[in-house]
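Asks: Predicted structure and sequence below. I'll ask about it afterward.
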Amino acid sequence: MRHDTLTFAPETVHQRAPRALPTLLATLALGCAALALAGCGGGGSGSAEPGQPPVTSTLPAPENFENSGALSFAWSATPGATRYELFADLDGPGPKTEVQMGEAQGLSFYSTTQRQFGYLNLARIPDFINANFRLRACNSDGCGAFTAAKALDLPSRISYEFSSGRAPLKSSSGNFDPISQDGLTLVLRGSNGSTSTLLVFTRTAAGQPWQQQAEIPTSAYRIALSADGNTLAASEESKVQIYQRSSGTWSQPTTISSTQAPTACAQPCQLEPDRLALSANGNVLAVSGRFRVTSSTAAAPSTVFTYVRTGTTWAAQNHFAPEGDIVGTALALSGDGSTLALNSGAITRSVNITPPLVRIYAQNVVDGWTEQARLPVGIVYFIDIAASVFSAMTLSHDGNTLAVEARNSPNTLPPEYHITAADLTCPRAGTGNAAPVSHIALFARSGAAWQRQAAIAREAAPSWALANDGDALFYGELFNRRNGAWTCP
């Protein structure tokens, strides 16, 4: 029986710089099928059970084994180990046999002084959505005990579970696949041969296995899922495709074409869609992008359009084009569909930095959408060969709380944008009096008036999420709001 193995060499032999772990966007095609180990059942740590890979070494199970990001793994170095072996039970507690990961899945690794990292860079995340993983250390005597099984657990990688339901994680450096508020519907990017697809998975309850519900061919780069999980929007080059689920079946898409625009946009108005945001029930859609009055228009200003659904019919509603070329690179729509936040201007790598406002628009049945506030905050928009960084922001369900991932740029922006050490909420002990480089700015609305309630900075700038009720923020740790004040963990 052949076993593909993960070989480890001490750092004194290979002085390798750490390589980036794969993100949830990784969807490279799966290579050759992994060899099955007959009778392996995917049990816990300790001595091997009948039919499992034998324990032939006294090496203990590696400590601190964790799934550190989708198909990426980390563990503490095991003294005396010269290599490690990774196994996967693709259906967790199901009937499939455990298989060893290796070259067919692109198993690679790197190490630091005490920490080991491995990743499967030729594997497709959808193929491992229900998988459990185990690891063992090996040397010239053989292999030792297994770690306890670790589940892939995608929901915890892309969302945070608050008491008010799951909320999507945000990051300035990447996009997370969407999941519904109840955590029972998940959309992943995939491929079927040369065709790009979106794969919709559902489960009956948390902890239950995922089942594929639909496969949608699309080359969309931006996607959005409504909080109830029943509406999916996907932006392509010149259109937005919207899919609706009813009784477990996804409909053929409704197409919002590039020319389907509100009358407020000078006609003929052609939309080039980019970012998307859906209300919780999927009946309101906001689309940012660029529009051209004609196909030959040299300069294409940025804009945001809104659309509303009645039954199954979508209609253009409004058009937002505040001055400036950088509009809508940060976009948020409240769950109830009544409040829209978008940026005009941004901090860029250009020598000319436009002061970046967040504009708040409120909707009512009498006046439609009206501008309610302009909030100074350090919106970032970097796209060049060295960086792709965008400010992320989100609104609570009722639209009364806004969280923005912002950059501090005191030497280039007016004073009202500056965040000093004295402005910080819950600063870390021992960080000195330095102003933060980046932070989460939290704004609250009372009536029609907005004010900043908090600015929270953390050195590592982790992914973050705002609770649907607006009273909690996860930013590496959990912050809560009580009586209008944010409290420290």
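Replies: Received it, and whenever you're ready, just let me know what you need.

Asks: going forward, measure contacts between C-alpha atoms and count neighbours the same way
Replies: Will do.

Asks: okay, now residue 251: neighbour count?
Replies: When neighbours are counted by other Cα atoms under 10 Å, residue 251 registers 12.

Asks: now swap in residue 382 and tell me
Replies: Counted with other Cα under 10 Å, residue 382 comes out at 18.

Asks: Quick check: phi and psi on the closest residue to residue 423 other than its chain neighbours?
Replies: Excluding the flanking residues, the one nearest residue 423 by Cα to Cα, 6 or more residues apart in numbering is residue 455, at 6.7 Å. The phi/psi pair for residue 455 (degrees, to the nearest 10) reads phi -140, psi 120.

Asks: With the one 10 residues further on instead?
Replies: For residue 465, the backbone dihedrals are phi -150, psi 150 (criterion: degrees, to the nearest 10).

Asks: re the thing from before, close enough to count as contact, the residue nearest to residue 423 and residue 439?
Replies: Yes. If you go by Cα atoms under 8 Å, residue 455 and residue 439 touch, sitting 6.3 Å apart.

Asks: Below-threshold pLDDT in the stretch 301-450 of the chain: ranges please.
Replies: For the stretch 301-450 of the chain, the stretches flagged by pLDDT under 70 are 301, 351-352, 366-367, 429-434.

Asks: Need the three-state assignment for residue 442.
Replies: Here residue 442 is recorded as strand under DSSP: H, G, I helix; E, B strand; the rest coil.

Asks: what about the strands in the stretch 351-489 of the chain?
Replies: Counting by DSSP state E, counting those that start in this stretch, the stretch 351-489 of the chain has strands at residues 357-364, 368-376, 381-383, 388-390, 393-395, 401-407, 438-446, 449-456, 465-466, 472-474, 478-482, 485-487.

Asks: residue nearest the centroid of this structure?
Replies: Centroid-nearest residue in the chain: residue 176, 1.9 Å away (criterion: Cα atoms, centre = their mean).

Asks: tell me which element that one falls in.
Replies: Following DSSP states H and E, there is no helix or strand that holds residue 176.

Asks: what's the nearest residue to it if we skip its chain neighbours?
Replies: residue 158 (5.7 Å).

Asks: Enumerate every residue touching the one you found.
Replies: Going by Cα atoms under 8 Å, 6 or more residues apart in numbering, residue 158 touches 168-169, 176-179.

Asks: okay, the residues you listed in TSV with distance to residue 237 next?
Replies: Formatted as TSV, those follow (distance: Cα to Cα, whole Å):
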residue	distance to residue 237
168	25
169	26
176	20
177	20
178	20
179	24
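
Asks: So among these, where is pLDDT lowest?
Replies: For those, the minimum pLDDT belongs to residue 176; the value there is 83.

Asks: So that residue is in contact with residue 156, correct?
Replies: No. Residue 176 is beyond contact range of residue 156, at 11.3 Å (criterion: Cα under 8 Å).

Asks: what comes up buried for stretch 208-220?
Replies: Across stretch 208-220, burial judged by 16 or more other Cα atoms under 10 Å covers 209-210, 213-216, 218-220.

Asks: Give me the subset of the residues you listed lying in strands.
Replies: Members of the buried residues of stretch 208-220 lying in strands (criterion: DSSP state E): 213-216.

Asks: Among those residues, give me the pair with the biggest separation.
Replies: Greatest spatial distance among those (Cα to Cα): 213 and 216, at 10.1 Å.

Asks: Next, show the common contact partners of these two.
Replies: Contact criterion Cα under 8 Å, 6+ apart; residues shared by residue 213 and residue 216: residue 199.

Asks: Serialize the buried residues of stretch 208-220 to CSV and add fields for pLDDT.
Replies: Output for those, formatted as CSV (pLDDT from 0 to 100):
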residue, pLDDT
209, 95
210, 96
213, 97
214, 96
215, 95
216, 94
218, 90
219, 87
220, 88
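
Asks: If we only consider these, which is nearest to residue 250?
Replies: Nearest to residue 250 among those, with distances taken as Cα to Cα, is residue 214, at 7.2 Å.

Asks: isn't the closest one right up against residue 201?
Replies: Yes. At 7.2 Å, residue 214 counts as touching residue 201 under the criterion of Cα under 8 Å.

Asks: which neighbours do those two share?
Replies: When contacts are counted by Cα under 8 Å, 6+ apart, residue 214 and residue 201 have no shared neighbour.

Asks: Could you measure from residue 414 over to residue 357?
Replies: Distance, residue 414 to residue 357, using Cα to Cα, to the nearest Å: 12 Å.
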